[in-house]
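*Asks:* Sequence and computational prediction follow.
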Amino acid sequence: MPDIGDLYCHLEAYVDRHRARLLAGAADPGTFFVKTVKTSSATAEYDQNTFYEAWRLIIQRYGIYNPYTERGAIKGLLPHGPHNVRDVLATHILKKTGSYEQASYAIQDTPETVAEHYGRFLPQDKAALAAKILNEVWLAA
């Protein structure tokens, strides 16, 4: 990954200083993302459910624009889980490149899976389907 916006400096600060504060003496789960250890949560490790809950809370709190408070980043954004980012990324790359392989690299999956789940979004496929239907209509007339 390119070092945009001092990414590596921020990652180093997280690993060297901030991560230890989040762990607050708790056992290190060995994962990159850790949650603050509190009396209500004895472990710093995210599981599938706690990561999903944290993601949705962050999107609701900071991502969704609220016209009354004028806070939030994106007007019209709805609450969503982390898997939606994968869907958006794969669909965007397919629309821009038309390549199942490029999209599969981006979401760390196989081209076959991308074709099966996201292939319906390819503009040329939609145009081909529309052309086929129109040809059938013209032939029948």
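*Replies:* Arrived safely, thanks for sending. All figures in this text were calculated on a predicted structure; none of them were measured in a lab.
*Asks:* Figure out the helix or strand that the residue nearest the centre of the chain lives in.
*Replies:* Most central in the chain under C-alpha atoms, centre = their mean is Val85, positioned 2.2 Å from the mean C-alpha point. In this structure, Val85 sits in helix 83-97 according to DSSP states H and E.
*Asks:* starting at the chain centroid, how far to the one helix or strand Ala106 maps to?
*Replies:* Assigned by DSSP H and E, Ala106 falls within helix 100-107. When C-alpha coordinates are averaged (C-alpha atoms, centre = their mean, to the nearest Å), helix 100-107 and its chain have centres 14 Å apart.
*Asks:* Output the contacting helices and strands for it.
*Replies:* helix 83-97, helix 111-118 (3 or more C-beta pairs under 8 Å, 6 or more residues apart in numbering; DSSP states H and E). All C-beta atoms are positioned from the backbone trio N, CA, C, and that covers glycine.
*Asks:* Residues contacting that helix, please?
*Replies:* 86, 89-90, 93-94, 97, 110-115, 118-119 (C-beta atoms under 8 Å, 6 or more residues apart in numbering).
*Asks:* could you dump the residues you listed to a markdown table with pLDDT, neighbour count and distance to Ala140?
*Replies:* Formatted as a markdown table, the contacts of helix 100-107 follow (pLDDT from 0 to 100; neighbours: other C-beta atoms under 10 Å; distance: C-beta to C-beta, whole Å):
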| residue | pLDDT | neighbour count | distance to Ala140 |
| --- | --- | --- | --- |
| Arg86 | 88 | 16 | 42 |
| Leu89 | 89 | 14 | 41 |
| Ala90 | 89 | 23 | 37 |
| Ile93 | 88 | 21 | 38 |
| Leu94 | 84 | 24 | 32 |
| Thr97 | 81 | 13 | 36 |
| Thr110 | 93 | 12 | 40 |
| Pro111 | 91 | 15 | 36 |
| Glu112 | 91 | 11 | 35 |
| Thr113 | 91 | 15 | 37 |
| Val114 | 90 | 23 | 35 |
| Ala115 | 87 | 16 | 31 |
| Tyr118 | 81 | 23 | 33 |
| Gly119 | 73 | 16 | 28 |
